[in-house]
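In: Here you go, sequence then predicted model.
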Amino acid sequence: MKAIAAATCLALLSPLSVTAADFAPPAGCKGVLTVQSRECTLLNLYICEGDDSIWEATFSADGFDVLAQYSPDYIWRDIAYLWDQSRETFLEPAEDAPSLAELAKTGVDTFRYTVHRTAPGEDRLLTIVGADMLSGETVVIDGVTLARVDTELQILDDEGTVEYASRGTQYLDVERGLFFWGKDAVLDADGAETVYDNSPVDFIEPGEPGFGAAVPLYDCNEQKIAFEVTP
């Protein structure tokens, strides 16, 4: 399950040191994959010496947007957003942490955990609850075989009120243990669904043209129009 992904805030996310204008991993960290996705999104994934985390830098048409740190089980350890200077940190112990092993074993992985969200003028706890379910289907994108994962997710405030709800699909690279965004329908208060499609298009390995790029290629010149999906 992937996250619903200030320079000072991001600087705290050791070992990667970043600014909005320029991003480069420090010594000891190396890029392992670049993913060009729809909705004008690009991902660069990194691993760092002495750290079992998966680090993910997200770029949009506006440049470097998000830095996320995931555990090997894709637990959302730490995520920082440049556009609103916010940060969300996973709190231990989790009531029901995400687990790739459970998803692979049973086909279903439920989760319920708390994150600490901070932003200018904001300091609070949020509860993340939902489930990932293997659909039993696979797709091949740019030569990579991916398992399709059906997802449901809610974000609750400290009073249990639903602030965000979505359902959709993501993609799991079983061989490498990596999650990628797919198509999500965000549910409005009146039940309408606004659909976003961040599905991967190109997987770029080290040494291939475009590896380590910082400029997304797809859907960047199209006006993004929200639309309702009817049953």
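Out: Arrived safely. Here the structure is a predicted model, which is why all the values come from computation and not from measurement. Numbering: from 1, shown residues only.

In: Distance check, the nearest residue to Asp109 once chain neighbours are set aside against Lys183.
Out: By the measure of Cβ to Cβ, 6 or more residues apart in numbering, the closest residue to Asp109 outside its immediate chain neighbours is Leu103, 3.9 Å from it. Quick note: C-beta positions are derived from backbone N, CA and C, even for glycine. Using Cβ to Cβ, to the nearest Å, we find Leu103 at a distance of 19 Å from Lys183.

In: can you pull the buried residues of the longest strand that the chain contains?
Out: Counting residues, the longest strand in the chain under DSSP state E turns out to be strand 122-141. Of the residues in strand 122-141, those scored as buried under the neighbour-count criterion (16 or more other Cβ atoms under 10 Å) are 126-134, 141.

In: mind checking how far it is from the chain centre?
Out: Taking Cα atoms, centre = their mean, to the nearest Å, one finds the center of strand 122-141 at 9 Å from the center of the full chain.

In: ok and the first helix or strand past that strand going along the chain relative to strand 122-141, angle-wise?
Out: Scanning forward in sequence from strand 122-141, with DSSP states H and E defining helices and strands, the next element found is strand 144-156. Strand 144-156 runs at 160 degrees relative to strand 122-141, counting by axes from the mean of the first three to the mean of the last three Cα atoms, to 10 degrees.

In: So what does Ser60 have for phi and psi?
Out: Note on Ser60: its backbone torsions stand at phi -120, psi -170 [degrees, to the nearest 10].
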